[in-house]
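Visitor: Need a 3D model of the sequence below.
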Amino acid sequence: MFEYKESNILLMIEALKKIIKIFLGPFLTAYFIRVSAESLIDISLYYILNYAVLGIGSFILGWILRKRFHLETFRMGIIINFIYILVIVLLQEKIINYIPLIAFLYGLSSCSYYFPYNLFASLKVKNVDRDSYEMKRQILMTTVNIVIPVLLGSIISTTNFQLTAIIILIVSILQIILSLLIEPIEIKSSKYTPFSSIKTLFKNKDIRNMLWVDFFKGMNVADSPLDILMVVLIVGALKSDFGLGLLTSFASVLVIFIQYLYTKKFNKKHDKTLVFVSTLVPLTTLILMLLWKNEITLILYYFSYMVIINLLALIYDVRLFNISNCKLIKENHFLEFWSIREMVLNIGRVSGFFLVFIAGIINNSILSYVLLIVFTMTILFAGLFAGRVKRYDSIK
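Guide: Below is the predicted model of the structure:
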C-alpha cells in the first residue's frame, strides 16, 4: 500500500513537471520566434547546449548517486529549475542574449531531476503494475496537455510571457513540497563502472535494441527536433499562442482515447504489430502534407504525430522500465544502465538539433521539409527496434 501511495506522489510531481515543460517547450519556442531574428539557429543552439549538459551531467551523476543523495539530487533538480524560470522572468526579451546560461541551467536541472526520477519509477513500481502505472501517468500527462496549453496560451495572449512565468514558479514550489513525501531508495551497487558496463550491456540483444529505440526517440519525442520543428510550422501558420494551445489540447483529447483503448482493450501480446502499423501513420500524413501544402494537411500531420508518438511513448516506457528490473541490470549495472540510457537519448537529441542548426545557417525552407522527412523516418526506426524487445512483464 505504501508503494502505491508513493507512486501516486511521483505521478503528481510528474504532472506538475509536465505543466512546466509545456511552458518551457512550445511556448518558450514561440517566444524565441517572436524575439529572435534568427530563431531557428537560436532555438537549435539552446537545445544542443541543454541536451549536451543533460547527457554529460547524467553520466557524471552516476558516481554521486551510487550509494546515496538520490532524494537530495532530485530536489536540487526542482530547485535549479525554479532558478531557471526566475532567470527567464528577470531577463525578459534579453533572454536571447543569454542562451548558453539558460541552456546550462535547464540541462543541469533536467539531469538532476530525471536521473533520480527514473531510479524511483523503476524501483518503486513493480513490473506487474507497470502497464497500469504508465497508463495513469500517460493519461494524467495528456489531461494536463488538454487543459494547460489553452490556459497558458490564453494567459500569454491576454497578459505577457513574464507573468505566466511567475505562475509557473508557484508550480515549482509545489513540486518541492511534494518531493518531501518521497522515501529514500537503496541501490545494491557499491561502485559505478559505466565504461566496462557498456560492453556487457550491449551484449544483451534486448538492452541493445532498447538503447537504439532511445537514440531515435531523442529525435522525435517531446522537446525533440521534430517536436520543435512542428511548433515552428504551427506558430507560422496560426500566428498565435492561443491557436497553438488550442490545437495541442484537441490533439491531447485523441491521445487519451487511444491510450485508454490500448491499455484496457488491446492484447499486449500483439503490440509489436501495433507499433509497426502506428509508425506508418505519421509517414502517410507527411506525404500528404508534402503533396498538398496547406493548413489542413499540416494540422492532419500534427494530429497524427501527437497521437502516435504518445501511444508509442507509453509502449516504449513499459519496455524500458521493465527491462531495467531484469537480473543483469538490477543486480550489477543499475546506475550504469540509466546513465548510459540518458547519454544515448541525448546523443540522439543533440544530433537532431545539430541538423536543425545547419538548416538555420543555410536558411533554405526546403531543408526544413527534408528534416521533417528524416525525423519522421526515425519514428519508424524506433518502432522497428522496439519490436525486437521483450516486455519482461513477469519480473517483479
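
Visitor: List the buried residues of the strand or helix carrying T200.
Guide: Using DSSP states H and E, the element containing T200 is helix 194-202. Across helix 194-202, burial judged by 16 or more other Cβ atoms under 10 Å covers P194, S197, I198, L201. In this view, the C-beta of every residue, glycine as well, is placed from N, C-alpha and C.

Visitor: for the helix or strand just after that helix, packing partners?
Guide: Downstream of helix 194-202, the first helix or strand assigned by DSSP H and E is helix 205-220. If you count contacts as 3 or more Cβ pairs under 8 Å, 6 or more residues apart in numbering; DSSP states H and E, helix 205-220 packs onto helix 194-202, helix 225-238, helix 295-323, helix 334-362, helix 365-386.

Visitor: that older thread, wait, which of the buried residues of helix 194-202 is closest to N364?
Guide: I198 (38.2 Å; Cβ to Cβ).

Visitor: Distance check, that closest one against M343.
Guide: 9 Å (Cβ to Cβ, to the nearest Å).

Visitor: about what we covered before: and the buried residues of helix 194-202, which is the shakiest by pLDDT?
Guide: By pLDDT, P194 ranks lowest within these, coming in at 83.

Visitor: TSV please, covering the buried residues of helix 194-202 and showing distance to I22.
Guide: Listed next are those as TSV, based on distance: Cβ to Cβ, whole Å:
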residue	distance to I22
P194	33
S197	35
I198	34
L201	33
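
Visitor: Now for the protein, the helix or strand with the poorest mean pLDDT.
Guide: Ranked by mean pLDDT, DSSP states H and E, the weakest helix or strand in the chain is helix 28-35, scoring a mean of 68.

Visitor: what's the following helix or strand after that one?
Guide: Using DSSP H and E, the next helix or strand after helix 28-35 towards the C-terminus is helix 39-64.

Visitor: Determine the angle, from 0 to 180 degrees, between that following helix and helix 334-362.
Guide: Using axes from the mean of the first three to the mean of the last three Cα atoms, to 10 degrees, the inter-axis angle of helix 39-64 relative to helix 334-362 is 160 degrees.

Visitor: Remind me what helix 39-64 packs against, helices and strands.
Guide: Helices and strands touching helix 39-64, by 3+ Cβ pairs under 8 Å, 6+ apart, are helix 28-35, helix 99-124, helix 225-238, helix 334-362.

Visitor: what distance separates the following helix or strand past that helix from the middle of the whole chain?
Guide: Using DSSP H and E, the helix or strand that follows helix 39-64 in sequence is helix 70-91. Distance of helix 70-91 from the chain centroid (Cα atoms, centre = their mean, to the nearest Å) equals 18 Å.

Visitor: CA-only coordinates of helix 70-91 in CSV, if you can.
Guide: Written as CSV, here are the backbone C-alpha positions of helix 70-91 (Å, rounded to 0.1, in the frame of the first residue of the first chain):
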residue,chain,number,x,y,z
HIS,A,70,19.1,10.3,-4.6
LEU,A,71,16.4,12.4,-3.0
GLU,A,72,18.7,15.3,-2.4
THR,A,73,19.7,15.4,-6.1
PHE,A,74,16.1,15.1,-7.2
ARG,A,75,15.1,18.1,-5.0
MET,A,76,18.1,20.0,-6.2
GLY,A,77,16.9,19.5,-9.8
ILE,A,78,13.5,21.0,-8.9
ILE,A,79,15.2,24.0,-7.2
ILE,A,80,17.5,24.6,-10.1
ASN,A,81,14.5,24.5,-12.4
PHE,A,82,12.9,27.2,-10.1
ILE,A,83,16.0,29.3,-10.5
TYR,A,84,16.0,28.8,-14.3
ILE,A,85,12.4,30.1,-14.6
LEU,A,86,13.2,33.0,-12.3
VAL,A,87,16.1,34.0,-14.6
ILE,A,88,13.7,33.9,-17.6
VAL,A,89,11.4,36.3,-15.7
LEU,A,90,14.2,38.7,-14.9
LEU,A,91,15.8,38.6,-18.4
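
Visitor: which residues sit against it?
Guide: 20, 24, 28, 61, 64-65, 95, 97-98, 101-102, 105-106, 108-117, 119-120, 162, 165-166, 168-169, 172-173, 175-176, 179-180, 182, 184-185, 187 (Cβ atoms under 8 Å, 6 or more residues apart in numbering).

Visitor: circling back to that earlier point, check the helices and strands packed on helix 205-220 for me: which has the lowest mean pLDDT.
Guide: Lowest mean pLDDT of these: helix 225-238, a mean of 79.

Visitor: what's downstream of it, the next helix or strand?
Guide: Counting by DSSP H and E, the element after helix 225-238 in chain order, helix or strand, is helix 241-265.

Visitor: tell me the angle that next one makes with helix 225-238.
Guide: Going by the same axes, to 10 degrees, helix 241-265 makes 130 degrees with helix 225-238.

Visitor: by contact count, what packs against helix 241-265?
Guide: Using 3+ Cβ pairs under 8 Å, 6+ apart: helix 241-265 touches helix 130-158, helix 225-238, helix 295-323.

Visitor: So which bits of the following helix or strand past it are buried?
Guide: Remark: after helix 241-265, the chain's next helix or strand is helix 271-291, criterion DSSP H and E. Neighbour counts over helix 271-291 (16+ other Cβ under 10 Å) mark D271, K272, L274, V275, S278, T279, V281, P282, L283, T285, L286, M289 as buried.

Visitor: Need the per-residue pLDDT for the nearest residue to the second one once chain neighbours are set aside.
Guide: Going back to what we said before, that points to K272. Once flanking residues are discounted, K272 sits nearest to G387: 4.3 Å by Cβ to Cβ, 6 or more residues apart in numbering. Note on G387: pLDDT of 88.

Visitor: Could you do L54 as well?
Guide: Looking at L54, its pLDDT stands at 92.
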